[in-house]
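> A structural model of the following input is requested.
(chains A and B)
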Amino acid sequence: AQSVTQLGSHVSVSEGALVLLRCNYSSSVPPYLFWYVQYPNQGLQLLLKYTTGATLVKGINGFEAEFKKSETSFHLTKPSAHMSDAAEYFCAVHNFNKFYFGSGTKLNVKP
Amino acid sequence: GAGVSQSPSNKVTEKGKDVELRCDPISGHTALYWYRQRLGQGLEFLIYFQGNSAPDKSGLPSDRFSAERTGESVSTLTIQRTQQEDSAVYLCASSSLGLTYEQYFGPGTRLTVT
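Okay, the predicted model is just below:
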């Protein structure tokens, strides 16, 4: 069975600090990988995705993620946090026509 | 349409009543997904449609839950004899199963069972 693990249900960083949100997955074959963001009282929006090719992918709002097959990880990073980044972030894996979502990480950005 | 739409946006119902939730996917998207998001929790996969067939119903929590889809358009999720634990936001997403496999999410239906 597939699973997606997001380490840390809540992460707090200061404005301007590095953002690192962790995602590990279990999969017997290389999956397609996604990060979604959910702002308060809004639907999910795609931040970035990895399908094939370059393992470092860049998304919207300055976020990027690196697919590391050997570590089965797809951690999300942003060099400098903004107050507007406060939201909940979900990692997702697509395999065999089904999506598996992590339980989410709420990012708090302190002034 | 421009995006995935869902109706109603909010539904309050009494325990034991049946409810129908509707999803209008993006035109041309062959795949459609239903998820449940309980307060403070992640997304729970319910069911997936490819066209109007549902090859994967494994996520439906009980036989009180059912879903159907008309062709490659509207889908309806029906919950019979609602229980308080059914209270959640029900999200619909559609996807064009091409190279990207990207899902586009609707705004959700917030269901409250009293």
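> helices or strands up against the worst-scoring helix or strand of chain B on mean pLDDT?
In chain B, no helix or strand scores lower on mean pLDDT, DSSP states H and E than strand B:53-56, which sits at a mean of 80. Counting contacts by 3 or more CB pairs under 8 Å, 6 or more residues apart in numbering or on different chains; DSSP states H and E, strand B:53-56 is packed against strand B:43-50. Heads up, the C-betas are built off the backbone N, CA and C, glycines and all.
> strand partners of the least confident helix or strand of chain B, parallel vs antiparallel please.
As defined by DSSP bridges, the strand partners of strand B:53-56 come to strand B:43-50 (antiparallel).
> Please could you give me each C-alpha atom of the helix or strand hosting B:Val89, formatted as CSV?
Per DSSP states H and E: B:Val89 is located in strand B:88-95. Written as CSV, here are the backbone C-alpha positions of strand B:88-95 (Å, rounded to 0.1, in the frame of the first residue of the first chain):
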residue,chain,number,x,y,z
ALA,B,88,-16.6,17.2,7.1
VAL,B,89,-15.7,19.2,4.0
TYR,B,90,-16.2,17.1,0.9
LEU,B,91,-13.8,18.0,-1.9
CYS,B,92,-14.0,17.1,-5.6
ALA,B,93,-11.1,17.3,-8.0
SER,B,94,-10.8,16.6,-11.7
SER,B,95,-7.9,15.7,-13.9
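> next helix or strand past it?
strand B:103-105.
> ok, the spatially most central residue of chain B - contacts?
Chain B has B:Trp34 as the residue nearest its centroid, 3.3 Å off, counting by CA atoms, centre = their mean. Shown in contact with B:Trp34 (CB atoms under 8 Å, 6 or more residues apart in numbering or on different chains): B:23, B:46-48, B:67, B:75, B:77, B:90-92.
> ok so, going back, partner strands of the helix or strand just after the least confident helix or strand of chain B, parallel or antiparallel?
Next helix or strand after strand B:53-56 toward the C-terminus (DSSP H and E): strand B:65-69. Strand pairing for strand B:65-69, determined by DSSP bridges: strand B:75-79 (antiparallel).
> how far does stretch A:3-13 stretch from start to finish?
One end of stretch A:3-13 to the other measures 27 Å (CA to CA, to the nearest Å).
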